[in-house]
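Engineer: Give the three-dimensional model of this entry:
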Amino acid sequence: MDGFINFNKPKGWTTYDCIRFLKDKIKEKKMGHAGNLDPNASGVVVVGLGRATRLLSFVMELEKVYVADIMFGILTDSWDITGEVILKKEVPDIKREYFVKILKEFEGFIEQIPPPFSAVKRKGKRLYEFAKEGILLQAKPKKVFIREIELLEFSMPKCKVRVKCSKGTYIRTLAKDIGEKIGTVGIVEELIRERVGHFSIKEAVTEKEKNIEKEILPVDYGILHFPEIYLKEKGTENFKKGSTLRTSSFMKFSHGVRQLSFVRVYDNRGSFIGVGQISGNKLLPKKIIFKE
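Structural biologist: You can find the predicted model right below:
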């Protein structure tokens with residue numbers, strides 16, 4: 001069984017709980033996901049089935065959208081509401097207008113230090129594994145991109161924000177850093193992942209869905225953000241063999257095709273066959289999903 005499931009992870013589940021649940025419902029052995037979501041968070045987890053797992057790396061690159069409830073004045077060892085309080089600090093009396101300006105300072109490319117309770121590896125071991133043993137290690141800073149932070153609610157010592165960001169962004173780190181910027185500390189109280197690229201929570205399947213198999217999306221749905229190319233019959237045969245193709249093999253293509261862009265590749269009958277990349281006037285096969 002091949003395709004994608006846009007799954008709405010319940011709060012309290014790990015990402016692997018989602019995989020285990022879906023394997024039980026669908027009976028497909030080969031499954032993977034396009035990025036972890038904290039157990040305390042809920043929202044979109046993109047799951048690939050069968051041959052679609054080969055496209056998960058492309059889905060991981062998509063922009064993420066989160067809605068976070070942030071509480072200022074306390075800091076926990078996990079940087080969210082589930083941890084033990086390790087610090088309390090007074091929250092300054094600031095105006096909404098000033099707070100919005102502070103949020104703007106976190107937009108663009110910024111450096112973040114991952115939380116001690118995270119999947120980042122150190123000496124071959126996950127940080128959260130060290131943390132469970134009482135060892136809180138600091139990871140190296142990493143660069144992430146935040147396109148926008150929208151203030152939804154403001155009532156100190158709490159606020160609600162919507163964050164549009166790149167992969168690898170830690171909202172717990174963002175909450176902590178915003179807290180420090182205004183002269184206090186902060187943690188994530190609630191977190192919802194609303195979107196992963198074009199996978200929206202509005203269309204996501206819940207664990208209460210009785211017939212999840214009917215909700216499986218086509219394999220090419222995971223890369224709808226790529227432009228498309230349709231090949232002539234001979235071009236289709238050569239692409240499936242892994243051969244580089246010239247533009248004369250194209251039957252038609254969308255306007256979004258650019259140099260070095262990845263593209264969805266279809267045969268002359270309109271069936272999806274794989275992913276290619278444009279280089280000069282050539283199409284390079286990158287992932288051949290359907291050879292037959």
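Engineer: Please count neighbours and contacts with C-alpha atoms only from this point.
Structural biologist: Will do.
Engineer: Return the distance of the helix or strand hosting K160 from the chain's centre.
Structural biologist: Per DSSP states H and E: K160 is located in strand 158-165. With CA atoms, centre = their mean, to the nearest Å as the basis, strand 158-165 stands 16 Å off its chain's centre.
Engineer: again, but for stretch 9-21
Structural biologist: On CA atoms, centre = their mean, the centre of stretch 9-21 falls 15 Å from that of its chain.
Engineer: For it, list every residue counted as buried.
Structural biologist: Of the residues in stretch 9-21, K9, P10, K11, T14, T15, C18, I19 count as buried by neighbour count, 16 or more other CA atoms under 10 Å.
Engineer: How about S57: what's its closest non-neighbour residue?
Structural biologist: Leaving out its chain neighbours, the residue that sits closest to S57 by CA to CA, 6 or more residues apart in numbering is A34, at 7.0 Å.
Engineer: How about N36?
Structural biologist: Excluding its sequence neighbours, the residue lying closest to N36 (CA to CA, 6+ apart) is T15, at 5.7 Å.
Engineer: Give the residue farthest from the middle of this protein.
Structural biologist: K234 (37.0 Å; CA atoms, centre = their mean).
Engineer: contacting residues around R54?
Structural biologist: Listed by CA atoms under 8 Å, 6 or more residues apart in numbering, the contact set of R54 reads K287, I289.
Engineer: ok, now how distant is the nearest residue to D2 once chain neighbours are set aside from E107?
Structural biologist: Distances taken as CA to CA, 6+ apart place G50 nearest to D2, at 4.6 Å, with adjacent residues excluded. Distance, G50 to E107, using CA to CA, to the nearest Å: 37 Å.
Engineer: Likewise for S249?
Structural biologist: S249 is 43 Å from E107, where distance means CA to CA.
Engineer: next one: F199
Structural biologist: Applying CA to CA to F199 and E107 gives a distance of 23 Å.
Engineer: Also A175?
Structural biologist: Plainly put, A175 is 13 Å away from E107 if you go by CA to CA.
Engineer: Between these two, which is the more surrounded one?
Structural biologist: Neighbours were tallied for A175 and for E107 using other CA atoms under 10 Å; the higher tally belongs to A175 (25 against 17).
Engineer: which other residues reach the helix or strand harbouring that one?
Structural biologist: Assigned by DSSP H and E, A175 belongs to helix 171-181. Identification of contacts with helix 171-181 by CA under 8 Å, 6+ apart yields 68, 70, 72-73, 75, 79-80, 102-103, 112-115, 185-188.
Engineer: again, only this time at 10 Å
Structural biologist: Identification of contacts with helix 171-181 by CA atoms under 10 Å, 6 or more residues apart in numbering yields 66-76, 78-81, 89, 91, 99, 102-103, 105-106, 112-117, 161, 163, 165, 183-189, 191.
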